[in-house]
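Colleague: below is the sequence, then the predicted model.
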Protein chains: 2
Amino acid sequence: MATIYDVARAAGVSISTVSHVLNGTRYVSEETRSRVLEAIAQLNYRPSSLARAMVRQETDTIALIVPDNVNPFFAELARGIEDYGFAAGYNVILCNSDRSTTKELAYLDMLISKRVDGVIYMTADMQAERLQPLLDHKVPVVTFDRDYPGIDAILLDNFQGGYLATRHLCELGHRRIACISGPDAGTRSGDRVRGYQQALAEAGIPYDPALVIAGDWTFESGRAAARRFCELAQPPTALFASNDIMAIGAISYLQAHGRPVPAQVSVVGFDDITLSAFYAPPLTTVATPIIEVGQRLCQMLLDRINGQLPAEAQRFTVCGELRIRGSTAPAPRVP
Amino acid sequence: MATIYDVARAAGVSISTVSHVLNGTRYVSEETRSRVLEAIAQLNYRPSSLARAMVRQETDTIALIVPDNVNPFFAELARGIEDYGFAAGYNVILCNSDRSTTKELAYLDMLISKRVDGVIYMTADMQAERLQPLLDHKVPVVTFDRDYPGIDAILLDNFQGGYLATRHLCELGHRRIACISGPDAGTRSGDRVRGYQQALAEAGIPYDPALVIAGDWTFESGRAAARRFCELAQPPTALFASNDIMAIGAISYLQAHGRPVPAQVSVVGFDDITLSAFYAPPLTTVATPIIEVGQRLCQMLLDRINGQLPAEAQRFTVCGELRIRGSTAPAPRVP
DNA sequence: CTGAAAGCGCTTACAG
DNA sequence: CTGAAAGCGCTTACAG
């Protein structure tokens, strides 16, 4: 592959000059400039970002760590990030952690070695130590929906989301309202559950622990939870799932087992992935502007990288809003 | 950040020795070795992949170009690729082209400059010239479901897929069977349509062009096609969509407009994305082992990169298989 | 068993 | 208006 030396030779100039016309970083006479440009075209020259990165100490590459890019939520987030990054001249390395600590660590090592300019970290539980390798090597990090001290983040108002979803169900006259939480009841999905409890309390509905089942964010777990709810002596007439995927898993079970949604049971999800509007029935959900959040995450990271942010960690909170669609309806009359 | 010189100094050895213990590339006495290891730990040293890449002329990085990673089909493919790449020590750069030529070109330039070891290219139409920049710079490329001369590829038996889907519908007694094709009727989705026609012919059903509408692989386009079919004087009782997304878009329209699936109209898709099993009703579809295809694509690329493949372009064909689920049923009796 | 040195391909002061 | 040279941080013959 042609190098800057080849170009310089072909144009009869020094490599300094070639470099400067390449980067527009100092004046070059029109005549020299065009000779250089011509040589570049002739040789089909593409400067090596590697060599450039070595001296500039920046790679124009960032990394995204998610549990699984197939999950539509992370897919959409990735899209927003990638879009913003591309527009700003950055590439993004995709990393799936499967929520595995060892895989994550392996990735962090690779990413540090590759000298990525920053990473968007979105995975696993609340152990801030997991980010330590990055911090040790001064690699900027931003996260979403996770509150690590000293790390830039966009936060989600989970309490409010759980509250809105459940209040909607209460207002439709439901009294037995179940909840599929996330696995880590202590933290994020915990707030969604607390919002659920708050709405229940305001509606004067006693909290029944039998109506809360933990899922693991997958279709399958939503499905399994629905099955268990159906086996209850008094099955719920409504259901709030902590994400759309589990809501959809639940609906697929209910529809297939003679409990039509929303005629017999109402379901509301969380996230508003694209698919939700196209489900049958279309899913009522607490909508987050996922792609936009991705873009803002990336913006935040790049701003941090380029020193445009104050020293202290930045923090923004986005609120979900209730999007009412076809999966919720007034509670069936008690016979 | 600590460099190999810092480590050498701390351990009282030359950088050659550090390099060799790092890479296990020549014998180092146990004692020296442990001194080096200790220095590495002490300094929290991470070798620079950049510097390494400069001299080795390989970056251990590949790129994946897809139209849109949010599309579950590409999301799953990306997952398979990323998995295989990770296991082999490669990172993958994610690129969304939106099927835009200019975006694609911009990406190719970035990727060539970054000296990626290879790219998995999966996008847009059949213009082989688009790959020219890669070929000019001798960057290995593999594709899926696209047949460029001289390029390694995994191919899909689209004809067979369209045929299986449609034959299934015929066997259920349907006579008015519609088809949602892809936008590029000339090529891949074209083969799916030809398979559809073949099955029709074998069942003695005359081909009716009014029953074929082109979509663009999105939910929306499936939905729109379903609407137009419903407006026909004699609406179809069955529908083959060239991918699952469009099938789902169609079902969501049908269910919402008093044409229950499968009671009044049967629908079969193509791909078998994870979601399809969880749709309501679960989608009958022509299943492709998407994740596995991704893995094999990546394997093929790495084999090519590492010179384990014969000079001539490799070519494998995978056949879809019919997965019968809840979205198809016997044709309704004609009253 | 280990080290000195060239070279990978750029950017960027420093000089003139 | 332009060039010579150092340096980014490694790997890898070459020597001993």
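Modeller: On my side now, so go ahead.

Colleague: near DNA strand C, which residues of the stretch 201-335 of chain A show up?
Modeller: The stretch 201-335 of chain A comes close to DNA strand C at no residue, as judged by CB under 7 Å from any atom of the strand. C-beta here means a position set from N, CA and C on the backbone, and glycine is covered the same way.

Colleague: residue boundaries of the helices in the stretch 201-335 of chain A?
Modeller: Ranges of helices in the stretch 201-335 of chain A, per DSSP state H, counting those that start in this stretch, are A:219-230, A:244-256, A:290-305.

Colleague: close to chain B, is the shortest one?
Modeller: Right, helix A:219-230. Yes. Using CB under 8 Å from any CB of the partner chain, helix A:219-230 reaches chain B at A:219, A:223.

Colleague: quick check: angle from that helix to helix A:244-256?
Modeller: For helix A:219-230 against helix A:244-256, the angle by axes from the mean of the first three to the mean of the last three CA atoms, to 10 degrees is 50 degrees.

Colleague: flag every buried residue along helix A:219-230.
Modeller: Within helix A:219-230, the residues that qualify as buried are A:219-226, A:229-230, counting by 16 or more other CB atoms under 10 Å in any protein chain shown.

Colleague: quick check: A:Thr17 touching A:Arg9?
Modeller: No. Using CB atoms under 8 Å, A:Thr17 makes no contact with A:Arg9, being 11.9 Å away.

Colleague: more neighbours: which of the two?
Modeller: Higher neighbour count among A:Thr17 and A:Arg9: A:Thr17, with 21 against 15, using other CB atoms under 10 Å in any protein chain shown.

Colleague: show me what contacts that one?
Modeller: For A:Thr17, the contacting residues are A:8, A:11, A:28, A:32, A:36, by CB atoms under 8 Å, 6 or more residues apart in numbering or on different chains.

Colleague: next, format those residues as JSON lines and append distance to B:Met300.
Modeller: JSON lines is the format used below for the contacts of A:Thr17 (distance: CB to CB, whole Å):
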{"residue": "A:Ala8", "distance to B:Met300": "38"}
{"residue": "A:Ala11", "distance to B:Met300": "40"}
{"residue": "A:Val28", "distance to B:Met300": "44"}
{"residue": "A:Thr32", "distance to B:Met300": "45"}
{"residue": "A:Val36", "distance to B:Met300": "39"}
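
Colleague: about what we covered before: ok, and of the buried residues of helix A:219-230, which contact DNA strand D?
Modeller: The subset of the buried residues of helix A:219-230 within reach of DNA strand D, by CB under 7 Å from any atom of the strand, is empty.

Colleague: show me which residues of stretch A:313-326 are buried.
Modeller: For stretch A:313-326, the buried set under the neighbour-count rule, 16+ other CB under 10 Å, comprises A:313, A:318, A:320, A:322-323, A:325-326.

Colleague: please flag which of those residues sit within strands.
Modeller: Assignment to strands by DSSP state E places the following of these there: A:318, A:322-323.

Colleague: between the residues you listed, which is closest to DNA strand C?
Modeller: Nearest to DNA strand C among those, counting by CB to the nearest atom of the strand, is A:Val318 at 36.5 Å.

Colleague: what's near enough to touch the nearest residue to that closest one once chain neighbours are set aside?
Modeller: Nearest residue to A:Val318, sequence neighbours excluded (CB to CB, 6 or more residues apart in numbering or on different chains): A:Leu156, at 5.9 Å. Taking CB under 8 Å, 6+ apart, we find A:Leu156 in contact with A:144-145, A:188, A:288, A:317-320.

Colleague: if we can go back for a sec, what would the helices of the stretch 201-335 of chain A look like in JSON lines with mean pLDDT?
Modeller: Shown next, in JSON lines, are those (pLDDT from 0 to 100):
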{"stretch": "helix A:219-230", "mean pLDDT": "97"}
{"stretch": "helix A:244-256", "mean pLDDT": "97"}
{"stretch": "helix A:290-305", "mean pLDDT": "96"}
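
Colleague: tell me the pLDDT at A:Tyr28?
Modeller: You called it Tyr, but residue A:28 is Val. A:Val28 is assigned 94 on the pLDDT scale.

Colleague: repeat for the one 4 residues further on
Modeller: pLDDT recorded at A:Thr32 is 95.

Colleague: for it, grab the count of nearby residues.
Modeller: 16.

Colleague: roughly how far apart are it and chain B?
Modeller: Remark: distance between A:Thr32 and chain B (CB to the nearest CB, to the nearest Å) = 23 Å.

Colleague: before we move on, back to that, just the buried residues of helix A:219-230 now: which is nearest DNA strand C?
Modeller: Nearest to DNA strand C among these: A:Phe219, at 48.0 Å, using CB to the nearest atom of the strand.

Colleague: right, and that closest one touches A:Ala247 too?
Modeller: No. The pair A:Phe219 and A:Ala247 does not pass the contact test of CB under 8 Å, sitting 9.7 Å apart.

Colleague: grab the nearest non-local neighbour of A:Ser113.
Modeller: Nearest non-adjacent residue to A:Ser113, counting by CB to CB, 6+ apart: B:Ser49, 4.3 Å away.

Colleague: now do A:Leu302
Modeller: By the measure of CB to CB, 6+ apart, the closest residue to A:Leu302 outside its immediate chain neighbours is A:Ala88, 5.6 Å from it.
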